[in-house]
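Student: here's a sequence, model it:
(one chain, ligands or ions: 1)
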Amino acid sequence: MYSQNYFASYAVSTAQSSGRQFQESSDTKRDSFQRDRDRIIHANAFRRLMYKTQVFVNYEGDMYRTRLTHSLEVAQIGRSVARNLNLNEALTEAICLAHDLGHTPFGHAGQDALNTCMRDYGGFEHNLQSLRVVDVLEKRYAAFPGLNLMFETREGILKHCSKRNAKTLGKLGERFLKREQPCLEAQIADISDAIAYNNHDVDDGLRAGLLTVQGLCETELFSAKFELVKKQYPDLEGSLLHNEIIRRMINDLVLDLQNNSASNIRDLNPLSVKDVRQAGRKMILMSEKMLDKHQELKKYLFKNFYKHNKVLEMNSHADKVVTTLFNAYLNDLGLLPPEHRQKALSETELSVEDQKARAVADYIAGMTDRFAEQECSNFRC
Ligand code: MG
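Tutor: Predicted coordinates:
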C-alpha cells in the first residue's frame, strides 16, 4: 500500500476525502488516489492524447510534443513538487495526467472552433469536457458510468468554471460560488501545466526553427541560463545548447515554486484540507520575481510562436475541419456511430436540439487529429 506517512496534515488523504460518487469496495493494495491514477492511464481518452495536437499538428513531425507527452511532463513536475511539500503525490499525478483529457483535436484552435459551433447549445470548454470524459463518456465499468474518480481528482481536473456552469455541478461547483481554493494538489497541477508548456514550447519552437536562441535571449529567464551554459560550455550549439538552457529554466522555476509555496504554507499555517480551502488565497505560487520572468517568457511565446504564420495556418485548417464535421453530423445524426447516436437523446435535462449538438461535440472532441482529417475527407473538407 502507498505510504501516507510522509503526508502533511493539510495533504488530501483518503480519510479527508469527499470520496466517490458511487460506493466501491476498497483495494487492499492501492489507496484510492493510486486507483484514480491507474484508471486514467487505462482510459481510452488517455491513449488518444498520443495523436492530439499540443501546438503542432500531430503529423508535422515525430519529435514535437503531443497532448500525451505534454501530460506526462506536467505529471513529472507535479509529482516532484508534491513529494517535496509532503503532499499527495498520487493525487497530483492523477490530476496532471487527466487535465487535458477533454481537449479536442488540433489543440486550442479545435476548441475555439467547437465552442463557436456550440454557441447556441451551451458552448464548449475543454476543462468541463475533461470532467465530462471522466464522469460520463468513458465506458469501462459495468457498475457505473465514467471512471468514478475521487472528488478531489475531479475537483483538480475542473481548473476553471464559470458561475453559470458551477451552479449545474452540485458540490463540485461550490468552490467557484463560495470563492474557496482547491486542494494544494490541484494547485500544483495547475502551475505544473504552465511550467511544462512554457518550457517544452521553447524546445519545440526552436526545433521547428520558428524561434531562435537570439530572439529568446530578449527574455530574462532564457538569457540568464544562456549566459550560464555558454560560460560552462562555450562551443555548445544546437539541440544540446537548447536542452542545457531549458533544463536549467525548469529547475529554477520548480525550486522557486517549492520554496515560495513552503513559505506561504508556513505563513498561513493550514492544519487541514478545510483550512486550505478557506485560506482566502492560493498557497502554491512562485515568488513574484520568478512569476514576472515566467510571464515574460509566456508573452514572448504568445507573440512569436503561437501567432507565428505557420501555426496560424494550422489553426485555420483546424477550424475548417472541426466546423465541417460539426455541421455535417448535426445535419444528419445518422452519420454518428450508433453509441453516439443513442446518447444524443439520453440526457433528458437538455432540450432535444441541445442533446443532439452535445452528442456531436462529444464525438468530435474525442477524435484524434488524424481521425478528424480522415472523417473530414468524406465531406470534401
Ligand atoms: Mg495542459
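Student: give me the distance from the top helix by length along the chain to the chain's centre.
Tutor: Ranked by residue count, the top helix of the chain under DSSP state H comes out as helix 238-268. Chain-centre distance of helix 238-268: 20 Å, with C-alpha atoms, centre = their mean, to the nearest Å.
Student: list the buried residues for it?
Tutor: By neighbour count on 16 or more other C-beta atoms under 10 Å, the buried set for helix 238-268 is 241-242, 244-246, 248-250, 252-254, 256-258, 260-261, 264-265. Placement of C-beta: from N, CA and C, glycine included.
Student: so what does that helix touch, helix or strand wise?
Tutor: Helices and strands touching helix 238-268, by 3 or more C-beta pairs under 8 Å, 6 or more residues apart in numbering; DSSP states H and E, are helix 67-84, helix 184-207, helix 213-216, helix 220-232, helix 288-301.
Student: okay if I get those as TSV plus mean pLDDT?
Tutor: Formatted as TSV, the helices and strands packed on helix 238-268 follow (pLDDT from 0 to 100):
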stretch	mean pLDDT
helix 67-84	97
helix 184-207	96
helix 213-216	98
helix 220-232	98
helix 288-301	98
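Student: point out the most buried one among those.
Tutor: Of all the helices and strands packed on helix 238-268, helix 184-207 has the most neighbours on average by mean count of other C-beta atoms under 10 Å, namely a mean of 23.
Student: orientation of that one relative to helix 288-301 in degrees?
Tutor: Going by axes from the mean of the first three to the mean of the last three C-alpha atoms, to 10 degrees, helix 184-207 is angled at 40 degrees with respect to helix 288-301.
Student: which helices and strands sit right next to helix 184-207?
Tutor: With contacts defined as 3+ C-beta pairs under 8 Å, 6+ apart, helix 184-207 has these neighbours: helix 67-84, helix 89-98, helix 151-157, helix 213-216, helix 238-268, helix 288-301.
Student: in JSON lines: those helices, plus distance to residue 177.
Tutor: Output for the helices and strands packed on helix 184-207, formatted as JSON lines (distance: least, C-beta to C-beta, whole Å):
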{"stretch": "helix 67-84", "distance to residue 177": "27"}
{"stretch": "helix 89-98", "distance to residue 177": "21"}
{"stretch": "helix 151-157", "distance to residue 177": "14"}
{"stretch": "helix 213-216", "distance to residue 177": "41"}
{"stretch": "helix 238-268", "distance to residue 177": "22"}
{"stretch": "helix 288-301", "distance to residue 177": "27"}
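Student: excluding covalently adjacent residues, which one is nearest to whichever residue of the stretch 251-381 of the chain sits closest to the ion?
Tutor: Nearest residue of the stretch 251-381 of the chain to the ion, counting by C-beta to the ion: residue 298, 13.4 Å away. Closest residue to residue 298 apart from its sequence neighbours, by C-beta to C-beta, 6 or more residues apart in numbering: residue 198 at 5.7 Å.
Student: what's the spacing between whichever residue of the stretch 201-350 of the chain sits closest to the ion and residue 208?
Tutor: Going by C-beta to the ion, the ion is nearest to residue 201 of the stretch 201-350 of the chain, at 11.1 Å. Distance from residue 201 to residue 208, counting by C-beta to C-beta, to the nearest Å: 10 Å.
Student: can you check residue 377 too?
Tutor: Note on residue 377: its distance to residue 208, by C-beta to C-beta, is 26 Å.
Student: on that earlier part again, who's in contact with the residue nearest to residue 298?
Tutor: By C-beta atoms under 8 Å, 6 or more residues apart in numbering, the residues touching residue 198 are 294, 297, 298, 301.
Student: JSON lines please, covering those and showing distance to residue 50.
Tutor: As requested, these are exported to JSON lines (distance: C-beta to C-beta, whole Å):
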{"residue": "294", "distance to residue 50": "28"}
{"residue": "297", "distance to residue 50": "27"}
{"residue": "298", "distance to residue 50": "26"}
{"residue": "301", "distance to residue 50": "24"}
